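A.B. asks: sequence and predicted structure below; questions after.
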Amino acid sequence: SYSVDPTAAIIPAGTSVTFHSKVDMAISDPAYKVSDWSFLPSTYNVNGTTTTVQEKLGVTSATVGSAGWPTPDPGQYYIRCMPSPSAEANPPSATASLKVVEVASVKVGTAQDQIVSETDNPQAAQTYYIKKQPGSVTVTATSNPGSPDVWPTHGTPAVSYPSWSPTTNPVQNGPSYSHSIATAGSTKITASCGNSKALNIAVVEVKIKQGTTDITDTTHNEIVGKKISLLGEVTPTGLPITSRQWTIPGTRIKNYSATSSATTLTPLTSNDLGGNFIQYYWVDGAASREVKYSVVIGGKTFEAKATFNVKRPTSTMTATTGTVAVSTAWGGGLELHYGTPATNGISFSRTISYPSGFTGSTAYWQKINSCLVKKQKNDDSWEEKSGSNLCDGNLPYSSSASTSDSPGVTLSDIYKKATVSDSFTTWLMFKPSGDSIWVPLCLVNWSWSGAASRSGTTWSLDSSSNTANPSSSDTTTFPEWSGNYSDL
């Protein structure tokens, strides 16, 4: 009788295997030292082409992958041998199983890795993107035929196919491969078993840099008005980034500039926030502001963050007001005026406390929201002077710790009536040391009005109003104007 080998011979696609026959007989008979060999089924595919093979007769061994018996495409096959020659109607025989195996696919990770879902099955031309982090990710190969996966073995001690490239130390062969995700970069991982299936893995790292310093996952202090320049950096380079986005909390602007004639306030746009480099200025302060830079690669979002404690001086303005009168108190002739040399129309002082580690400058800026002066001549005609949205004189209005204003209009005997109505906003502005802009800290809104008339040679105050001792309020609103009072 012939012995029967119940185990399967498993070989990689495109390789060969030799089967040998062994005869167990009580009486030695040289006639039965050779066998007849059959391949089942005798018709099978080789590289997709149908091939029919013949029996191998009167030999002690048969090689699959030799002339006449080419290695079939992946699948389950059988090899049978029987005594040769045999005159029996039902001669004894032995059958062995043959599996030809190739790599069906490779995939990344497991469900608990939270890197890829069970339905993901990236193929050779695809790239799988993973965030750089401590540890490793498992790349798994599936076999054809599978269910369950079965792989050949080779070597002593036996090591399973598939073989992997790049190799690690020690060489990793078998159905799974461990790939480090602690270092950013791109790697093509190939599983081979007769054929090869490859998967590109890109370990992605996103950083936020301020200048040349990597500030990712750090916390540090900045101050309002200082230029902040940040660069979003992605490693490795050359990845197909489909979108970029900065997330910057708080009140921030791209730029602000001012002269005594005009101001320009430039907000951050979606285009600014959608690039890899951004410059901006914070206007308001707050602790623990998390700035994020995110990119989308291969449908996945990767981001970096940095935390800022944005400092802002603490300040107040105190305003003290006088009264409206008609007099020659200012020594330049008769006027309808707000305040006197002894008590200005409005006087400002300020208190300010700088955050530790920061210095800068302060100044008063003043804007005329609206002004209207009307004078009636003796022939009953009217002269009018008006304007709005104007810088009041020089910029800054004052750089001292305190300042004042006493507006007024002249009166003369060519007029018989005069009216004034003015509205102002006075800001306390701050500019930190270094590359910076002026930003608002607090403001005071105030106004005054008056009406006077002449009877004979005497002018009298008919009516008046003013904002008495107005309080200041914290603000992040910038002064904006399009002209100067001197141009009226």
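C.D. replies: Arrived safely. Numbering: from 1, shown residues only.
A.B. asks: contact partners for residue 301?
C.D. replies: Residues in contact with residue 301 (C-beta atoms under 8 Å, 6 or more residues apart in numbering) are 294, 295. C-beta here means a position set from N, CA and C on the backbone, and glycine is covered the same way.
A.B. asks: tell me which residues of the strand or helix carrying it come out buried.
C.D. replies: Secondary-structure assignment from DSSP states H and E places residue 301 in strand 300-311. Buried residues in strand 300-311, defined by neighbour count with 16 or more other C-beta atoms under 10 Å: 302, 304, 305, 306, 308, 310, 311.
A.B. asks: how many residues are close by the closest residue to the second one other than its chain neighbours?
C.D. replies: Of all residues not flanking residue 304 in the chain, residue 206 sits nearest, at 4.1 Å (C-beta to C-beta, 6 or more residues apart in numbering). Residues within reach of residue 206, counting by other C-beta atoms under 10 Å, total 23.
A.B. asks: my read is that residue 174 contacts residue 159, right?
C.D. replies: Yes. Contact criterion C-beta atoms under 8 Å: residue 174 and residue 159 qualify, at 7.0 Å.
A.B. asks: got a list of what the residue most central in space within the chain touches?
C.D. replies: Per C-alpha atoms, centre = their mean, the C-alpha nearest to the average position across the chain is that of residue 294, at 1.2 Å. Contacts here follow C-beta under 8 Å, 6+ apart; on that basis residue 294 touches 206, 244, 245, 247, 301, 302, 303, 304.
A.B. asks: quick one on the thing from earlier: surely the residue nearest to residue 304 is within a strand?
C.D. replies: Yes. Counting by DSSP: H, G, I helix; E, B strand; the rest coil, one finds residue 206 located in a strand.
A.B. asks: tell me the contacts of it?
C.D. replies: 216, 232, 233, 234, 293, 294, 295, 302, 303, 304.
A.B. asks: could you report the neighbour count for residue 71?
C.D. replies: By other C-beta under 10 Å, the residues close to residue 71 number 23.
A.B. asks: flag the shaky bits of the stretch 201-350 of the chain, pLDDT-wise.
C.D. replies: In the predicted model, the stretch 201-350 of the chain carries no residue with pLDDT under 70.
A.B. asks: okay, strands next: where are they in it?
C.D. replies: Shown for the stretch 201-350 of the chain, the strands assigned by DSSP state E, counting those that start in this stretch span residues 213-214, 219-223, 227-235, 241-247, 252-253, 255-258, 263-266, 277-282, 286-297, 300-311, 314-321, 324-327, 335-338, 346-353.
A.B. asks: neighbouring strands for the first one, and are they parallel or not?
C.D. replies: So the one you mean is strand 213-214. Looking at strand 213-214 with DSSP bridges, its partner strands are strand 195-210 (antiparallel).
A.B. asks: same deal with the fifth one?
C.D. replies: According to DSSP bridges, the neighbouring strands of strand 252-253, each with its direction, are strand 277-282 (antiparallel).
A.B. asks: just the fourth one next, same as before
C.D. replies: In its sheet, strand 241-247 lies beside strand 286-297 (antiparallel), with partners assigned from DSSP bridges.
A.B. asks: from the contacts of residue 294, which two are the most distant?
C.D. replies: Greatest spacing in those, by C-beta to C-beta: 247 and 302 (13.6 Å).
A.B. asks: ok, back up a step: any idea which of the contacts of residue 206 is closest to residue 448?
C.D. replies: residue 293 (50.6 Å).
A.B. asks: and the gap between the closest one and residue 301?
C.D. replies: Noted for residue 293: a distance of 11 Å to residue 301, by C-beta to C-beta, to the nearest Å.
A.B. asks: what's the burial count for residue 55?
C.D. replies: 17.
A.B. asks: quick one, what contacts the closest residue to it other than its chain neighbours?
C.D. replies: Leaving aside its chain neighbours, residue 55 sits nearest to residue 38 (5.2 Å; criterion: C-beta to C-beta, 6+ apart). By C-beta under 8 Å, 6+ apart, the contact set of residue 38 is 55, 79, 80, 81.
A.B. asks: could you pull up phi and psi at residue 38?
C.D. replies: phi -130, psi 140 (degrees, to the nearest 10).
A.B. asks: just list whatever residues bridge to it.
C.D. replies: residue 80.
A.B. asks: mind pulling up the pLDDT for it?
C.D. replies: We have a pLDDT of 92 for residue 38.
A.B. asks: is it correct that residue 134 is in contact with residue 182?
C.D. replies: Yes. If you go by C-beta under 8 Å, residue 134 and residue 182 touch, sitting 5.6 Å apart.
A.B. asks: please say which of the two ends up with more neighbours.
C.D. replies: It is residue 182, of residue 134 and residue 182, that has more neighbours when counted by other C-beta under 10 Å, with 10 against 7.
A.B. asks: mind checking the SS state of the more buried one?
C.D. replies: coil.
A.B. asks: who's in contact with it?
C.D. replies: Counting by C-beta under 8 Å, 6+ apart, residue 182 has contacts 132, 133, 134, 135, 136.
A.B. asks: kindly report the same for residue 275.
C.D. replies: Counting by C-beta under 8 Å, 6+ apart, residue 275 has contacts 244, 246.
A.B. asks: of the contacts of residue 182, closest to residue 257?
C.D. replies: Of all those, the one with the least separation from residue 257 (C-beta to C-beta) is residue 132, at 40.7 Å.
A.B. asks: gap between the closest one and residue 216?
C.D. replies: In terms of C-beta to C-beta, residue 132 sits 11 Å off from residue 216.
A.B. asks: again, but for residue 297
C.D. replies: As for residue 297, its distance to residue 216 is 17 Å (criterion: C-beta to C-beta).
A.B. asks: also residue 348?
C.D. replies: Residue 348 sits at a distance of 44 Å from residue 216 (criterion: C-beta to C-beta).
A.B. asks: and those two? which has more neighbours close in?
C.D. replies: residue 348 (24 against 16).
A.B. asks: what about the nearest residue to the more buried one once chain neighbours are set aside, how many residues nearby?
C.D. replies: Excluding its sequence neighbours, the residue lying closest to residue 348 (C-beta to C-beta, 6+ apart) is residue 403, at 5.2 Å. For residue 403, the count of nearby residues is 19 (other C-beta under 10 Å).
A.B. asks: go on, residue 264?
C.D. replies: Neighbours around residue 264, by other C-beta under 10 Å: 11.
A.B. asks: same check on residue 79?
C.D. replies: By the criterion of other C-beta under 10 Å, residue 79 has 21 neighbours.
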